[in-house]
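Q: requesting a structural model of the entry that follows:
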Amino acid sequence: MDVLKKGFSIAKDGVVAAAEKTKAGVEEAAAKTKEGVMYVGNKTMEGVVTGVNQVAQKTTEQANVVADTAVTGANEAAQAAVEGVENAAVASGLVSTTDLPKTEAGGEQTEGAAQ
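A: A predicted model of the protein is given here:
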């Protein structure tokens, strides 16, 4: 009888040891799974943040291009309007060409003429 008790006790200890090892293995696997999921989540979040930042940067660049183009266009339109008014004034005889400020080849007034 003692042999059976000792045998069952050893078997019980073996089952307990196996259960503890299984529990430790499952806990380790769960920890590694969690670590992997967190890693993927962080990399995905970094990728999304990077993507959003790139889109924001490109949008800013495009807005600057549009703004620069609009300013250039407005300056050209203003210059054309001034030249048109000058031509109309000269054509109507209200102003002589000697009264107009001298402009450089680019159409802008020289500093002395602008003042």
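
Q: what about G51, distance to A63?
A: Counting by Cβ to Cβ, to the nearest Å, the separation of G51 from A63 is 19 Å. From N, CA and C alone the C-beta is placed, and that goes for glycine too.

Q: ok, V15 next?
A: 70 Å.

Q: try V85
A: V85 sits 32 Å away from A63, going by Cβ to Cβ.

Q: what of A78?
A: 22 Å.

Q: what do you get for E27?
A: From E27 over to A63 the distance is 53 Å, taken as Cβ to Cβ.

Q: which stretches in this protein count as helices?
A: Assigned by DSSP state H, the chain shows helices spanning 2-92, 111-114.

Q: in terms of mean pLDDT, which of those helices ranks lowest?
A: The weakest mean pLDDT among these belongs to helix 111-114, with a mean of 46.

Q: now do the nearest residue to V90 once chain neighbours are set aside, the pLDDT please.
A: Closest residue to V90 apart from its sequence neighbours, by Cβ to Cβ, 6 or more residues apart in numbering: T97 at 5.7 Å. pLDDT, T97: 74.
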